[in-house]
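>>> my questions are about this predicted structure, shown below with the sequence.
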Amino acid sequence: MNDRERDILRKTILSVIEKGFVRWKDIEKYSTPTCWDFATTNTVKRQFYRYLVAQGYVMRVSRGVYRLSEDGEQLLLILTNRLKGAFV
């Protein structure tokens, strides 16, 4: 997976969570078919837990429920601006 694909996947995940308190299954169900062929269940899970949650962009509210942190909102804005010209 290259940097552009990672950015697309992270933007998709963050845009799902932006809508409010979201469960993991909702994130997985929306992100996997929305992105291109590189977005398998495993890659979505890896980007979500090993990067977005670990770096503090997404906060765990309760068991299986997540929301964006302030850093996550800023990252979403950066990714949106960076990918504006891309086929997303």
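On my side now, so go ahead. For clarity, every value in this text was computed on a predicted model and none was experimentally measured.

>>> quick one, what contacts the nearest residue to residue 34 once chain neighbours are set aside?
Excluding the flanking residues, the one nearest residue 34 by CB to CB, 6 or more residues apart in numbering is residue 12, at 5.6 Å. Quick note: C-beta positions are derived from backbone N, CA and C, even for glycine. Going by CB atoms under 8 Å, 6 or more residues apart in numbering, residue 12 touches 30, 31, 34, 35, 39.

>>> closest to residue 75 among those?
Ranked by distance to residue 75 (CB to CB), the contacts of residue 12 are led by residue 31 at 15.5 Å.

>>> quickly find the element holding that closest one.
helix 24-34 (DSSP states H and E).

>>> tell me which other helices or strands that helix touches.
In this structure, helix 24-34 packs against helix 3-17, helix 41-46, with contacts taken as 3 or more CB pairs under 8 Å, 6 or more residues apart in numbering; DSSP states H and E.

>>> most tightly surrounded among those helices?
Across the helices and strands packed on helix 24-34, averaging neighbours per residue (mean count of other CB atoms under 10 Å) puts helix 3-17 on top, at a mean of 19.

>>> mind putting the contacts of residue 12 in a markdown table, pLDDT and distance to residue 1 included?
Below are the contacts of residue 12 laid out as a markdown table (pLDDT from 0 to 100; distance: CB to CB, whole Å):
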| residue | pLDDT | distance to residue 1 |
| --- | --- | --- |
| 30 | 86 | 19 |
| 31 | 84 | 14 |
| 34 | 72 | 16 |
| 35 | 61 | 11 |
| 39 | 81 | 9 |
